[in-house]
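Undergrad: sharing a model prediction with you, sequence too.
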Amino acid sequence: MVWVWCETIPCSIFQLPTGRLDIVEVYDQDFDEKRAAPAGVSLFVAFVVDDLEGSQKEVCAAGIEASDIVWAAEAFDSPSLEGFGWFFVHAPDGDVYEIGSESE
């Protein structure tokens, strides 16, 4: 299944049969949308959590740099994405990770 957030983003999102948040995202090489993927990062891994806002607070309290939370429905003007959210973590080793969640 290919799922595209909106026509203005040059990407394809493939949803795997194992779960709604089990996805592979492929972006055009000229992609530049910091809400969806960090600038200058060619590969990153995402982790799914139950409490997105609590997880962000926990990461920040540990002194790790984190982005603001992106709520997909609002960011991409797409009601079908209601409940999806994520933020990016800049780990001490220099790698970038996405922390995401879907509210029930």
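TA: Cool, the structure landed.

Undergrad: just give the nearest non-adjacent residue to the residue nearest in space to the middle of the chain, would you?
TA: With distances taken as C-alpha atoms, centre = their mean, the residue of the chain nearest its centroid is residue 86 (4.5 Å). Of all residues not flanking residue 86 in the chain, residue 100 sits nearest, at 3.8 Å (C-beta to C-beta, 6 or more residues apart in numbering). Just so you know, the C-beta spots here come from the backbone N, C-alpha and C atoms, and that holds for glycine as well.

Undergrad: show me what the one you found is bridged to.
TA: Beta-bridge partners recorded for residue 100 (DSSP bridges): residue 48, residue 86.

Undergrad: how close does residue 93 get to residue 64?
TA: Residue 93 sits at a distance of 11 Å from residue 64 (criterion: C-beta to C-beta, to the nearest Å).

Undergrad: the two: which is more packed in?
TA: Shown here are residue 93 and residue 64; by other C-beta atoms under 10 Å, residue 64 has more neighbours (13 against 5).

Undergrad: hang on, the earlier thing: what sits against the residue nearest to residue 86?
TA: Applying C-beta atoms under 8 Å, 6 or more residues apart in numbering, we find residue 100 in contact with 21, 46, 47, 48, 49, 52, 84, 85, 86.

Undergrad: repeat the analysis, applying 6 Å as the threshold.
TA: 46, 48, 86 (C-beta atoms under 6 Å, 6 or more residues apart in numbering).

Undergrad: what does residue 65 give?
TA: Residue 65 makes contact with residue 90, according to C-beta under 6 Å, 6+ apart.

Undergrad: next, it: phi, psi?
TA: Per-residue torsions, residue 65: phi -70, psi 130 (degrees, to the nearest 10).

Undergrad: quick one: pLDDT of it?
TA: Note for residue 65: predicted pLDDT of 89.
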